[in-house]
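**Student:** Got a predicted model here, sequence first, then my questions.
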Amino acid sequence: MKRDLRRLLDLSREDIEWIIRTAASLKKERKSGASSKPLEGRSLGMIFQKPSTRTRVSFEVGMVQLGGQAVVLSGDQIQMSRGESVADSARIFSRYLDALAIRTFAQEQVDELAAMADIPVINMLTDKYHPCQVLADLFTIYERKGTLEGARVAYVGDGNNMANSWLNAAGLMGFHLMMATPKGYEPDSQTLASAQDMAKNSGASIELFDDPKQAVAGADVVYTDTWISMGQDEEAKKRLADFKGWQVDQSLVSLAAREAMVMHCLPAHRGEEISAQVLDGPQSVVWDQAENRLHAQKAILILLIRDDAKKIFA
Ligand code: CP
Ligand code: NVA
């Protein structure tokens, strides 16, 4: 049975632990100059309906490092932009490729592609979720703390695709998530309800606030993201006004645990959701976090493309 990564919840807790362990081992391998090629002869198609720097480069380079190749397709240059159906496109891609990744607006488009394709489909960001980012983030926290158990993650800002992905992650992995969003910018209510439901089994605690100070108090991780996501440029003026006072700055970070790490999926907007002092300061781990996209995604690709992934990497 082929597997997809439409959202984080397509993975089990064990899969995520495997991805973190494998990302760590692939990172070590890369730093030592060694390279295994578990995806030799395999091809990944990547469709972009929105811009990307990190996701595109890390997936493309990651595929090559694993011995395979990537074909990058800009959304406006494929026939889907002229009305060829998602279903027909999925059938065609399945005849050429070993996996298909897409960055787009509607989550439903990823779901439909996954339903129609015979190959694994990977969500490289939709308006609703960004699973590849949160997997790299979990790896980054694990790398620094040695565990996710007991971690206290504060998410401050827009209840967007990153916020929803953090809810998925907390529900599944069982850590503490304190999320602060301004009124009217809460995360997706169904995603929240299902995370709270999963929390009963996983041991997670999920708290929502409308005051960033309450969320950040005692946190080990302070996470934020842009106030204006891709596709929301027309709302920019209103959003900048509504998020006034929500910047992750030094005074907010000082309420967190003493050695708390500051994370941001990037691109960052210094002076908006985060101050330059914090983003460029000693507690910021954003550059390592961005690098870890590469290692985590290589693990994701192996897991989805190779049926025997867990035998190759124990
Ligand atoms: N964080 C992230 O997904 O970055 P890009 O938009 O540059 O891919
Ligand atoms: N929330 C942001 C994340 C960018 C990686 C967006 O969707 O634009």
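**Tutor:** That came in fine, so what should we check first? Ligands and ions are numbered 1, 2, ... in the order given.
**Student:** Skipping its backbone neighbours, what lies nearest P120 in space?
**Tutor:** L304 (3.9 Å; C-beta to C-beta, 6 or more residues apart in numbering). Glycine gets a C-beta too; all of them are placed from N, C-alpha and C.
**Student:** neighbours of the one you found, just the number please.
**Tutor:** Other residues within reach of L304, judged by other C-beta atoms under 10 Å, total 24.
**Student:** I'd say it and I122 touch.
**Tutor:** Yes: assessed by C-beta atoms under 8 Å, L304 is found in contact with I122 at 6.8 Å.
**Student:** is it true that V153 touches A215?
**Tutor:** No: using C-beta under 8 Å, V153 is not in contact with A215, being 9.5 Å away.
**Student:** okay, and the common contacts of those two?
**Tutor:** Common neighbours of V153 and A215 (criterion: C-beta atoms under 8 Å, 6 or more residues apart in numbering): M178.
**Student:** Next, T147: secondary structure please.
**Tutor:** Classification of T147 using DSSP: H, G, I helix; E, B strand; the rest coil returns coil.
**Student:** ok, Q49 to L125 distance?
**Tutor:** Remark: distance between Q49 and L125 (C-beta to C-beta, to the nearest Å) = 10 Å.
**Student:** more neighbours, those two?
**Tutor:** More crowded of Q49 and L125, by other C-beta under 10 Å: L125, with 27 against 22.
**Student:** In contact with the residue nearest to the more buried one when sequence neighbours are not counted: list those residues for me.
**Tutor:** Leaving aside its chain neighbours, L125 sits nearest to R103 (4.7 Å; criterion: C-beta to C-beta, 6+ apart). Going by C-beta under 8 Å, 6+ apart, R103 touches M46, I47, F48, Q49, K50, S52, T55, M124, L125, T126.
**Student:** Kindly recompute the last result at 6 Å.
**Tutor:** Counting by C-beta atoms under 6 Å, 6 or more residues apart in numbering, R103 touches F48, K50, S52, M124, L125.
**Student:** in the sheet, who's paired with it?
**Tutor:** Partner residues in beta bridges with R103, using DSSP bridges, are F48.
**Student:** Offset the numbering so it begins at 200, please.
**Tutor:** Will do, 200 is the new start, and the previous item becomes R302.
**Student:** returning to that earlier point: OK, contacts around the residue nearest to P319?
**Tutor:** If a contact means C-beta under 6 Å, 6+ apart, then L503 has R202, A298, P319 as its contacts.
**Student:** Same question for L238.
**Tutor:** L265, G266, G267, I504.
**Student:** What count of nearby residues applies to the first one?
**Tutor:** Spelled out, it's L265. By other C-beta under 10 Å, 24 other residues sit near L265.
**Student:** Distance of it relative to L493?
**Tutor:** According to C-beta to C-beta, L265 stands 11 Å off from L493.
**Student:** Does V352 belong to a helix, a strand or coil?
**Tutor:** Put simply, V352 is strand when judged by three-state DSSP.
**Student:** List the beta-bridge partners for it.
**Tutor:** Residues in a beta bridge with V352, per DSSP bridges, are L376, V420.
**Student:** what helix or strand does the residue nearest to Q431 when sequence neighbours are not counted sit in?
**Tutor:** Excluding the flanking residues, the one nearest Q431 by C-beta to C-beta, 6+ apart is R438, at 6.9 Å. Assigned by DSSP states H and E, R438 falls within helix 435-441.
**Student:** That helix: how far from the chain's middle?
**Tutor:** Centroid separation between helix 435-441 and its chain, computed with C-alpha atoms, centre = their mean, to the nearest Å, is 25 Å.
**Student:** need the next SSE after that helix, C-terminal direction.
**Tutor:** Next helix or strand after helix 435-441 toward the C-terminus (DSSP H and E): helix 449-452.
**Student:** ok, how many other residues are close to S388?
**Tutor:** 9.
**Student:** do R212 as well
**Tutor:** Neighbours around R212, by other C-beta under 10 Å: 14.
**Student:** ok, now which ones touch it?
**Tutor:** Listed by C-beta under 6 Å, 6+ apart, the contact set of R212 reads L371.
**Student:** Please apply the same query to L502.
**Tutor:** Residues near L502 by C-beta under 6 Å, 6+ apart: A508.
**Student:** name the element it belongs to?
**Tutor:** helix 485-504.
**Student:** how about the CA coordinates for that helix, as CSV?
**Tutor:** The C-alpha atoms that make up helix 485-504 are tabulated as CSV, following Å, rounded to 0.1, in the frame of the first residue of the first chain:
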residue,chain,number,x,y,z
VAL,A,485,16.4,29.3,12.9
TRP,A,486,19.4,28.6,10.6
ASP,A,487,19.9,25.1,12.0
GLN,A,488,16.1,24.6,11.8
ALA,A,489,16.2,25.5,8.1
GLU,A,490,19.1,23.2,7.5
ASN,A,491,17.2,20.4,9.2
ARG,A,492,14.6,20.6,6.4
LEU,A,493,17.1,18.8,4.2
HIS,A,494,17.8,15.9,6.6
ALA,A,495,14.2,15.4,7.8
GLN,A,496,12.9,15.4,4.2
LYS,A,497,15.5,12.9,3.1
ALA,A,498,14.1,10.6,5.8
ILE,A,499,10.5,11.3,4.7
LEU,A,500,11.4,10.5,1.1
ILE,A,501,13.0,7.1,2.1
LEU,A,502,10.0,6.2,4.3
LEU,A,503,7.5,6.9,1.6
ILE,A,504,9.3,5.6,-1.5
